[in-house]
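Q: sequence and computational prediction follow.
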Amino acid sequence: MLDNIVSYLVAPHKFVNFNTLLPDEVPINYVRVKFLFCGICGGDYSRYLGYRKEYPLSLGHEFVAQVLEHNCSSAMGIEIGDFVVSDFNYRCLECRYCQKGKSHLCQKNDIELFTNRAFSLYADIHYSYLVKIDSSINSIYRATAIEPLSCIIHAMNNYDLSQINTVLIYGTGNIGMLCAFYLHSCQKKTVYVYDVIHQKCELVGHILGCDIAKFDIEYDLIVEATNTAAGLLECIMRCEYNQKICSFSHLYGQKTEMIYTNLVKKEINIYFPLRNGSKNNLSQAAQFIKNNWTTCEDELLQIYETDDLNIAFEAKGNCIKPKQIIRFKAKQENF
């Protein structure tokens, strides 16, 4: 048996480490991975704050891991030593949504073919979740941006980007920063950024070459990424009538009445993207990171040791650097 430690969220603001065991033999069609780095997602953070009261929870999906063992045929393309990422979204490939090419909406998405998520040392994960990435990505911790960036690619595929020249990013956390990176650095759009934490906004603008937001002009698109009802409402109140908004906010347990009222009053066209669409978006995101992310963008990352898990989550709300990453230690006693 392989000794494992999984950090479970057992209550709001409280992670506890549990000792678990993985069997000696990896199950058929599963891959045993060692987690190297994992980013903190806005969905993880909302659970940490208590907006979704489902405990205990194993969290963490913005990860990069290395394959230790597998029980897969050679045709599946998995090899020991490979670096992999995942979206942890089950896709049955049989329901009507999967058949329509919308597998991120799979009706069986609640199926979990993995032993635990990534705030841990190891896991056994079904091969179908995993995407192998190019090991030549410099500084492998950058691969933690692949999964959230794939969600952004999915969202932007809803728009004709050839008709969009100016974009306002409202909120410069993990998703907002990566939206700015994708739209400015990869798609060459004129991007403005705004955040209530002005130092964070200025840092993102400086590193990515984006302008600080102006509210006396009309934007072709507004991306709202505050992850709060208050932030979304403020964004709606500031924007023009008949504006297009792409909102990444998960408003679980938050008051939303005023949001809907003002959407109607201003005839706002709003889109709430879910997950990352096609699994191919993971591969596209990996290519964008490899080709466009540099040591300059590394200044936007805050890396914590795994024994600082609670500290990292507490710091997320006010951290100047928009993306927080957990680094996993090799020795279990230091987890």
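A: Good, I have the coordinates.
Q: low-confidence stretches in this structure?
A: Along the chain, segments meeting pLDDT under 70 span 75, 136-138, 252-255, 307, 329-335.
Q: the domain parsing of it - what is it?
A: Structural domains assigned to the chain are 2-147+297-334, 159-271, following automatic domain parsing.
Q: between the ones you listed, which one is nearest to residue 288?
A: Of all the domains of the chain, it is domain 159-271 that lies closest to residue 288, at 5.2 Å by Cβ to Cβ. Just so you know, the C-beta spots here come from the backbone N, C-alpha and C atoms, and that holds for glycine as well.
Q: so who does the closest residue to residue 218 other than its chain neighbours touch?
A: Nearest residue to residue 218, sequence neighbours excluded (Cβ to Cβ, 6 or more residues apart in numbering): residue 240, at 4.8 Å. Contact analysis of residue 240 by Cβ atoms under 8 Å, 6 or more residues apart in numbering lists 218-219, 266.
Q: for residue 175, same thing?
A: Residue 175 touches 42, 148, 151-152, 225, 227, 248, counting by Cβ under 8 Å, 6+ apart.
Q: quick one: the helices in the stretch 101-250 of the chain?
A: Assigned by DSSP state H, counting those that start in this stretch, the stretch 101-250 of the chain shows helices spanning 146-156, 174-180, 198-208, 229-238.
Q: and those helices, which is most packed in?
A: Mean neighbour count (mean count of other Cβ atoms under 10 Å) peaks for helix 174-180 among those, with a mean of 28.
Q: need phi/psi at the residue nearest to residue 218.
A: With angles defined as degrees, to the nearest 10, residue 240 sits at phi -70, psi 160.
Q: distance of it relative to residue 217?
A: Separation of residue 240 from residue 217 (Cβ to Cβ, to the nearest Å): 9 Å.
Q: do the same with residue 183
A: Counting by Cβ to Cβ, the gap from residue 183 to residue 217 is 17 Å.
Q: again with residue 272
A: 25 Å.
Q: tell me which of the two has more neighbours.
A: Legend: neighbour count by other Cβ atoms under 10 Å for residue 272 and residue 217, higher for residue 272 (13 against 10).
Q: counting neighbours, what do you get for the nearest residue to that one once chain neighbours are set aside?
A: In space, and not counting its chain neighbours, residue 272 is closest to residue 247: 5.4 Å by Cβ to Cβ, 6+ apart. Counted with other Cβ under 10 Å, the neighbours of residue 247 add up to 25.
Q: where along the stretch 151-300 of the chain do the strands fall?
A: Under the criterion DSSP state E, counting those that start in this stretch, the stretch 151-300 of the chain contains strands at 166-170, 190-194, 211-212, 221-224, 244-247, 269-271.
Q: can I get those in CSV with distance to residue 309?
A: Formatted as CSV, the strands of the stretch 151-300 of the chain follow (distance: least, Cβ to Cβ, whole Å):
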stretch, distance to residue 309
strand 166-170, 28
strand 190-194, 29
strand 211-212, 33
strand 221-224, 28
strand 244-247, 28
strand 269-271, 33
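Q: wait, which of those is closest to residue 20?
A: strand 244-247 (36.9 Å).
Q: show residues contacting the closest one.
A: Here strand 244-247 makes contact (Cβ under 8 Å, 6+ apart) with 155-156, 158-159, 220-225, 232, 235-236, 239, 268-273.
Q: just the buried ones from these?
A: The neighbour count (16 or more other Cβ atoms under 10 Å) marks 155-156, 220-225, 232, 235-236, 239, 268, 270, 273 as buried among the contacts of strand 244-247.
Q: show me the contacts for the residue nearest the centre of the chain.
A: In the chain, the residue lying closest to the centroid (Cα atoms, centre = their mean) is residue 148, at 3.1 Å. Taking Cβ under 8 Å, 6+ apart, we find residue 148 in contact with 39, 41, 62, 174-175, 178.
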